[in-house]
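**Q** Build me a model from this:
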Amino acid sequence: MNIIAFLGSPREEGNTELLLREAIQGAEETGHRVHIFRLNTMNIMPCQNCGGCEETGACIYDDDMTQIYNAIRKADRIILASPIFFFGVSAQTKMMIDRCQAFWCEKYLLKKPIAEGEYKRKGLLLLVGGMKKEIGIQCAEATVKAFFRTVSVPEHKTLGYLGVDAKGEILKHLAAMKEAYEAGKDLTGD
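**A** From the prediction side, this is the model:
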């Protein structure tokens, strides 16, 4: 099973990364390897809305998104982890999602969706935010739900944690860490 994970946090060893690490550990303990993309360290330009992908389903720009496109095509499971910034996913996460417009064109304009694959694609969304309003999770999840639908991930689980702001504070939320681990483990099942 091919599992990829996107870390959308710019803060190294921050709450999002710590939570993602637990999910990855759960997945890897079932015998699967997880390839992680640290979006903040990658060379990804924003979508230019140029229309270059409308007739081919392929982005005309060649940067680190090329390796992400290839990984998404081959993935059986996709984990996306992002902090919540202003009721949405981080800029790093949103930039990657926006560049998946090429997949949207391929799926909806060219009628060539990504194949479901042997394991029936599934996703896991991890969100961490300092605010305490549930709307942050709802707005961020709406964006990621559109991303998952576009890349042919019909089913996903969301774990969102609010009121977690200081670096490393998620470690005090033992239930959150356990839930992330279990979600990673469950992700590899049928």
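**Q** secondary structure class for the closest residue to I36 other than its chain neighbours?
**A** Using C-beta to C-beta, 6 or more residues apart in numbering and skipping residues adjacent in sequence, the residue nearest I36 is A5, 4.6 Å away. Using the backbone N, CA and C atoms, a C-beta is placed for each residue, glycine as well. Per DSSP: H, G, I helix; E, B strand; the rest coil, the secondary structure class of A5 is strand.
**Q** Relative to L39, how far out is A5?
**A** A5 sits 10 Å away from L39, taking C-beta to C-beta, to the nearest Å as the criterion.
**Q** now swap in G163 and tell me
**A** According to C-beta to C-beta, G163 stands 24 Å off from L39.
**Q** Check T143 too.
**A** The value you get for T143 to L39, if C-beta to C-beta is used, is 14 Å.
**Q** Equivalent analysis for E29, please.
**A** Per C-beta to C-beta, E29 is found 25 Å from L39.
**Q** first to last residue in stretch 101-109, what's the distance?
**A** Start-to-end span of stretch 101-109 (C-alpha to C-alpha, to the nearest Å) is 11 Å.
**Q** Check which residues of it are buried.
**A** By 16 or more other C-beta atoms under 10 Å, the buried positions in stretch 101-109 come out as Q101, A102, F103, W104, C105, E106, K107.
**Q** need the contact list for the fifth one.
**A** Put plainly, it is C105. Listed by C-beta atoms under 8 Å, 6 or more residues apart in numbering, the contact partners of C105 are C53, E54, T56, G57.
**Q** wait, the first one sits on Y61?
**A** No. The pair C53 and Y61 fails to qualify as a contact (C-beta atoms under 8 Å) at a distance of 9.5 Å.
**Q** Among the two, which residue is more densely surrounded?
**A** Shown here are C53 and Y61; by other C-beta atoms under 10 Å, C53 has more neighbours (22 against 17).
**Q** Helices of the protein, residue ranges please.
**A** Secondary structure of the chain (DSSP state H): helices at 15-28, 65-74, 91-98, 101-104, 135-150, 174-187.
**Q** Tell me how far stretch 91-110 lies from the chain's centre.
**A** Its chain's C-alpha centre lies 13 Å from the corresponding centre of stretch 91-110 when counted by C-alpha atoms, centre = their mean, to the nearest Å.
**Q** quick one: terminal-to-terminal distance for it?
**A** Across its full length, stretch 91-110 reaches 28 Å between end residues, using C-alpha to C-alpha.
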